[in-house]
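A.B. asks: the sequence and its predicted three-dimensional model are supplied below.
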Amino acid sequence: MKFLQTQVRSKLDNSLHEKLITIEASLPEIEKQLSEIDISRDQKAYAEMAKKHSDVSTIVELFVEWKDINLEIADAEELLQSESDEEMKTEFEGIISENKSKLDPLIQKIKISLLPKDPSDDKDVLVEIRPGAGGEEAAIWVGDLYKMYTRFAERSSWKVEPIEITDSDMGGYSKIIFAIKSKGVYSKLKFEAGAHRVQRVPKTESQGRVHTSIATVAVLPEAEDVDINIDQNDLKVDVYRSSGPGGQSVNTTDSAVRITHIPTGLVVSCQDEKSQLQNKEKAMRILRARLLKAEQEKAAAERAKDRKEQVGSGERSDKIRTYNYKDNRVSDHRINLTLKKLDQVLDGDLDEFVDALVSDNEASRLANLDE
């Protein structure tokens, strides 16, 4: 055991080691508290404690795995010292080498598991795509991005639910809002928020000139009733007749809904459904998500006001990514990653970008933690 303690000190600094011991010791009490909560009376408290139990269990499992590896190394080194057979010595040296190679990656996982969790990471998301600079070409680009994200969701076995799709005048879209549902979706897609720039020759361009257009993407964690408490007295609800494509019911019934949240001035409208009730329900989902995001960004800004970079605030600079058709190239400007496979990316092959952005965020947060 003395060897193990030496190994602990050599691979984990004292404060981190002591923190892991404390967390490990806290797990039985957390399990006890979880078992005592009456889920029928307090769903929010149960959900919070269940999340805490899951997070702590993950850390403890990694710590136990780390200790087990160190024990295997200690046992193999002890046997190596007393072994005279050369073949057995080689075997023990192999065991030691193999286990030591596992330690650094495992320590990295442990550190990442200790980072403060984004409370929204496990939530479903609402994605809003709107045209920016570029006129009708930007509106067409909105539809291309929508197709890209729906294909990515299909590849990931996530469920996609259209919320509001508003056509533009010439075949594009003035707005697309849709939900993607699955555990952990927000943790993967939150870095997609920002301005997506496309460089290509529009179909309507007779001179063959390359145009640059932009569509903006917003990724909002979908709020539940327990996340945001909205006072109905703070809402102004207007109904009106739908306009644009939509079938025979358009302009014949007051089914479209506009909701104004008076304290913040946020306005949400929805007209895709024929039923006024369904449009109101969808509008409320969007409103809750926007209010939750606003609260989270305010809290993140307060925590990060003295830091150069706001980690996890959801704010991203303009032109986060460029899609260049001529060179079949996609470049993410935040992490300096360029891939020569535009066609595959637009078909939903986003994993390299998503994984690289998640890793970059973790590395940045670890660096801030070390500081």
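C.D. replies: In hand now; what should we look at? Numbering: from 1, shown residues only.

A.B. asks: got the buried residues for stretch 28-36?
C.D. replies: Going by neighbour count (16 or more other CB atoms under 10 Å), the buried part of stretch 28-36 is 30, 34. Any C-beta I mention is one placed from the backbone N, CA and C, and that applies to glycine too.

A.B. asks: my bad, should have said stretch 328-348
C.D. replies: Going by neighbour count (16+ other CB under 10 Å), the buried part of stretch 328-348 is 329-335, 339, 342, 345-346, 348.

A.B. asks: same question for stretch 51-58.
C.D. replies: For stretch 51-58, burial by neighbour count (16+ other CB under 10 Å) applies to 53, 56.

A.B. asks: sorry, back to before: wait, which of the buried residues of stretch 328-348 is closest to residue 16?
C.D. replies: residue 335 (27.4 Å; CB to CB).

A.B. asks: the closest residue to the closest one other than its chain neighbours: neighbour count?
C.D. replies: Once flanking residues are discounted, residue 335 sits nearest to residue 360: 4.9 Å by CB to CB, 6 or more residues apart in numbering. Residue 360 has 16 neighbours, counted by other CB atoms under 10 Å.

A.B. asks: residue 229 now?
C.D. replies: If we define neighbours as other CB under 10 Å, then residue 229 has 8 of them.

A.B. asks: show me the contacts for the closest residue to residue 208 other than its chain neighbours.
C.D. replies: Among residues not flanking residue 208 along the chain, residue 201 sits closest, at 5.6 Å (CB to CB, 6+ apart). Residue 201 sits next to 208-211, 325 when contact means CB atoms under 8 Å, 6 or more residues apart in numbering.

A.B. asks: now do the helix or strand hosting residue 199: which elements does it pack against?
C.D. replies: Assigned by DSSP states H and E, residue 199 falls within strand 194-200. Other elements packing on strand 194-200 under the criterion 3 or more CB pairs under 8 Å, 6 or more residues apart in numbering; DSSP states H and E are helix 135-155, strand 211-221, strand 321-324.

A.B. asks: what lines up beside it in the sheet?
C.D. replies: strand 211-221 (antiparallel), strand 321-324 (parallel) (DSSP bridges).

A.B. asks: where does the chain dip in pLDDT?
C.D. replies: Per-residue confidence for the chain (pLDDT under 70) gives these ranges: 1-11, 206, 225-227, 243-253, 299-318, 369-371.

A.B. asks: work out for me the element the closest residue to residue 121 other than its chain neighbours sits within.
C.D. replies: Counting by CB to CB, 6+ apart, residue 121 lies nearest to residue 187, which is 3.8 Å off, once chain neighbours are set aside. Assessed by DSSP H and E, residue 187 sits inside helix 185-189.
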